[in-house]
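Visitor: next one to model:
(2 chains)
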Amino acid sequence: MFAYYLDLALRSLKRNKVLTALMVLAIAVGIGASMTTLTVMHLLSGDPLPGRSGQIFYPQVDPYPTPDPRHQPWDMMDYRSATDLWSAHRADRQALVTGSALRLTAPGVNLPPLMVQMLATTSDFFPMFRVPFRYGNAWTAQDDASRARVVVISDALNRKLFGGANSVGRTLRLKDTDVRIVGVLAPWRPSPQFYDVAGGRFAGGDTSAFYSKPEDVFAPFASALEINDGGFQPFTCWQPPEEGVKLQNAPCVWVALWVQLDSAAKVADYRRFLAGYAQQQKALGRFAQADNTRMPGLMAWLDFNHVVPSDVRLQSWLALAFLLICLFNMVGLLLAKFLRRAGEIGVRRALGASHRAIFAQCLVEAGLIGLLGGVGGWLLTLVGLWLVRSQPVEYADLVHLDLSMFALTFVLAVAASLLAGLLPALRAARVAPALQLKAG
Amino acid sequence: MQIQPILAALRRHRLATLLIAMEIALACAVLCNAAFLIATRWQQARIHSGVDEASLAVLTLEGYDPAHAVDLNARVLAGLRAIPGLQSASVINAVPFGQHAGTAGITTDAAGQHFGGVVDFYAGGPGSFEALGVKVVAGQAPAPEAYQRPMHSFLPDDATVLVTSALADHLWPGGDPLGKEFWVGRFHFRVGGVLDHLMRQRGGEGGPATAEWSVFVPAPPGEQLVGRYLIRAKPAQLSGVLRDARAAMAKVAPDAVVDLANSQTVSDLREDYFRRDRTMSRLLLGVIAALLLVTALGIVGLASFWVQQRRRQIGVRRALGATRGDILRYFQTENFLIVTLGVLLGAAGAYAMNLALMQRFELSHLPAVYLLVAAVVLWSLGQLAVLGPALRAAAVPPVVATRSV
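Guide: Just a heads-up that it's a prediction; the model follows:
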């Protein structure tokens, strides 16, 4: 029966090409617009660490020394709190994180000095965040402790300096320090660059910087602080730092800590540990707020920082409203199309077709229009994504149509047109056979 | 023209009428809000930075050793001043639309109890104030000796500064700001002058109202003020001067790296700063165009259907003496009524959508004039879309009435 309905639908579509084209176009434009923005949303709001993000947490304490019940913890921690918590090693894995820029030269490579972003972190960073290596390995906990002059570099930097060859064992000059390369990453592009996310609520919706590429150089935390002494910037300071005071001792927050906790019991334990630490610091007179500790999970932290840029969210709303308009349009046109054939339907009904058969036939036709619209929508989505890629935004290189969104394009197109076809099909199925035959 | 028969006919096609009215209502709601968003962004992009944008460029160096700051500043300034066409070169910590620097919360009392807001400090060396071209509306421009107060962290203590009139109105509403004091932690500042405009480096954190909360502090170049240079030249020569300046750095400052992204003319920085808004505006315009197109297609489709359905009735009316004009006007009036219904529904929808947007995004109330314009646009669109089918209806000959279908 389905094949017969399909044949009828094809004939009907061919009979009135203009109306068919109008409907297919409306669906295609609506689907194209909404799938473009939904794809961008999907890519930007996805889980950067699938399967692991549930175990990753972001501990926060409040080092503000003035009692203030409304005070919230800052987005990063001061040096002392962060290193205290880190060196307690109470989590399954823990990594300190802070970024800075510095000058890099590669001896024996004919390139002018360049400024690179360096992430100061600890050895757990790589296994904890499942960072892929192409050559060599991460440094060891021993290297962290001994402040070894070793680095891991990104695939992009390795291509730029060494043409992509295995550069493990070679030397780089960071500012005035020679460091040895122990590892080269495989291409790694988390979306967003989650471990650096902080301060999103102050960004006024312009959070596209969270989607920039990872740093080019990764160095052991303690080594990096020595190599780029004076080159680190605070996230914020609760009072202007004294002159000549190192950032490590300044009243500033600038270090983040990430921990991996593999079970709910460990999460609860760590929360207690964090609260205990804050109590102890209050007793020491360093903190004013002891109960002001937080520990959001990775995804909660990303939400808190509104990582998806507000323009992208706005575009999604717009596109959905637009799709809705296209649907209303389609309902109207389908109604016109089906009722115009009232005579034909009357004949079919008189020859014994049931209400249900007419209804099914109309829906098959609507679905077919949806499928055609889906093809158009898919092509328009590709054009839309190409337009997004040509924009100068940080996430441009991330944008592509993956398999799930490709499938969703057609599912959405067919589902939307079936929905739009529901009412006109019901109307058509109610056509009384006798009346139409008489009129004919 | 009688409206009664039209209403009677529409009542018989309630569903289709309601559908097209709903489509127009949604279109109206989206149209109003999209147009309002575009206007808001356009307004923001027209902000006056207060400086001579066309004559200014900035050069940023990185990677140098701060211990050699005095030497580096001297070398760079000497190198820049040798460039033909350059009018002035000076040290500054930031420019409008550039990388931000020197943002701090201020208090209007020494004890730090009365919080005045978060403001941007422009710390500039000798010559920078004149180069910026900001206008002093009260008090005086910094005196030469003002540039010699020693720096503490990123600002000189006890300095006489200039504030924008926007900041002065916020801190001391109604009062004379000259001689007033404020503090950053324990650092103390006294107002010696008021500027008519000087935009913050990256706009205001608290929305457009705070966009001009800026302070200019005369400061001595040195370890705390190094690496960013303000270049002034005639607008026509500026890009050439900037190119020469970037090139000259390889010779005069081989120990530093030129940060190309932050070594631009201020006009280019402005372009970059508002690029996101321009992209969004273009996108919204595209949505509006597609929206109007789809709505028009819907009207054409349904009107064609109705014309075909009513061929006999039209024939009868024509046979009974109705002119072509009567038929044409019938369909035009019908369309006008439907669009009016849609616009009325759409007005409510537009306000609802505006309220939802206000909650999620920084946006103000939708002015009523947008509704008016949207209504006019949709009425015209409806009339245009219905014209084709209506003309076809008017062309139906009276003889159709005598034929059986």
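Visitor: now do the helices in chain B.
Guide: For chain B, the helices defined by DSSP state H occupy B:4-12, B:14-45, B:69-81, B:128-132, B:165-171, B:235-252, B:266-273, B:275-309, B:311-319, B:324-360, B:368-394.
Visitor: any idea how far the fourth one is from the chain center?
Guide: To tie it back to what came earlier, the one meant is helix B:128-132. On the basis of Cα atoms, centre = their mean, to the nearest Å, helix B:128-132 sits 26 Å off its chain's mean C-alpha point.
Visitor: same check on the last one?
Guide: Here helix B:368-394 shows a centroid-to-chain-centroid distance of 30 Å under the convention Cα atoms, centre = their mean.
Visitor: can you pull the buried residues of that helix?
Guide: B:370-371, B:374-375, B:377-379, B:381-383, B:385-387, B:389-390, B:392-394 (16 or more other Cβ atoms under 10 Å in any protein chain shown). Glycine gets a C-beta too; all of them are placed from N, C-alpha and C.
Visitor: which parts of the stretch 251-400 of chain A sit against chain B?
Guide: For the stretch 251-400 of chain A, the residues in contact with chain B (Cβ under 8 Å from any Cβ of the partner chain) are A:310-311, A:313-315, A:317-319, A:321-322, A:324-326, A:328-329, A:331-333, A:335-337, A:339-340, A:391-393.
Visitor: looking at the residues you listed, which are in helices?
Guide: The members of these that map onto helices under DSSP H are A:310-311, A:313-315, A:317-319, A:321-322, A:324-326, A:328-329, A:331-333, A:335-337, A:339-340.
Visitor: write the ChimeraX selection for whichever of the residues you listed are buried.
Guide: Applying 16+ other Cβ under 10 Å to these leaves a buried subset, and the ChimeraX line that selects it is:
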select /A:310,311,313,314,315,317,318,319,321,322,324,325,326,328,329,331,332,333,335,336,337,339,340
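Visitor: follow-up on the earlier one: save the helices of chain B as TSV, and put in mean pLDDT too.
Guide: Below are those laid out as TSV (pLDDT from 0 to 100):
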stretch	mean pLDDT
helix B:4-12	82
helix B:14-45	88
helix B:69-81	93
helix B:128-132	95
helix B:165-171	93
helix B:235-252	93
helix B:266-273	92
helix B:275-309	85
helix B:311-319	88
helix B:324-360	91
helix B:368-394	93
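Visitor: now the element after the longest helix along chain A, going C-ward?
Guide: When chain A is parsed with DSSP H, its longest helix is helix A:355-389. Per DSSP states H and E, the first helix or strand lying C-terminal to helix A:355-389 is helix A:403-429.
Visitor: could you pull out the buried residues of that next one?
Guide: Using 16+ other Cβ under 10 Å as the test for burial, helix A:403-429 gives A:405, A:408-410, A:412-414, A:416-418, A:420-425, A:427-429.
Visitor: does any bit of that helix sit next to chain B?
Guide: Yes: using Cβ under 8 Å from any Cβ, helix A:403-429 reaches chain B at A:423, A:427.
Visitor: any idea of the angle that helix forms with helix A:355-389?
Guide: 150 degrees (axes from the mean of the first three to the mean of the last three Cα atoms, to 10 degrees).
Visitor: show me what the strand ranked longest in chain A is packed against.
Guide: Ranked by residue count and defined by DSSP state E, the top strand of chain A is strand A:93-105. Secondary-structure packing of strand A:93-105 (3 or more Cβ pairs under 8 Å, 6 or more residues apart in numbering or on different chains; DSSP states H and E): helix A:79-88, strand A:114-121, helix A:125-128, strand A:171-174, helix A:221-227, strand A:256-260.
Visitor: out of the ones you listed, deepest packed?
Guide: Highest mean neighbour count among the helices and strands packed on strand A:93-105 (mean count of other Cβ atoms under 10 Å in any protein chain shown): strand A:256-260, with a mean of 23.
Visitor: direction included, what does it pair up with?
Guide: strand A:56-57 (antiparallel), strand A:93-105 (antiparallel) (DSSP bridges).
Visitor: pick the most buried one from those.
Guide: Taking mean count of other Cβ under 10 Å, strand A:56-57 is the most buried of those, at a mean of 24.
Visitor: for it, the distance to its chain's centre please.
Guide: In this view, strand A:56-57 has its centroid 17 Å away from the chain centroid, taken as Cα atoms, centre = their mean.
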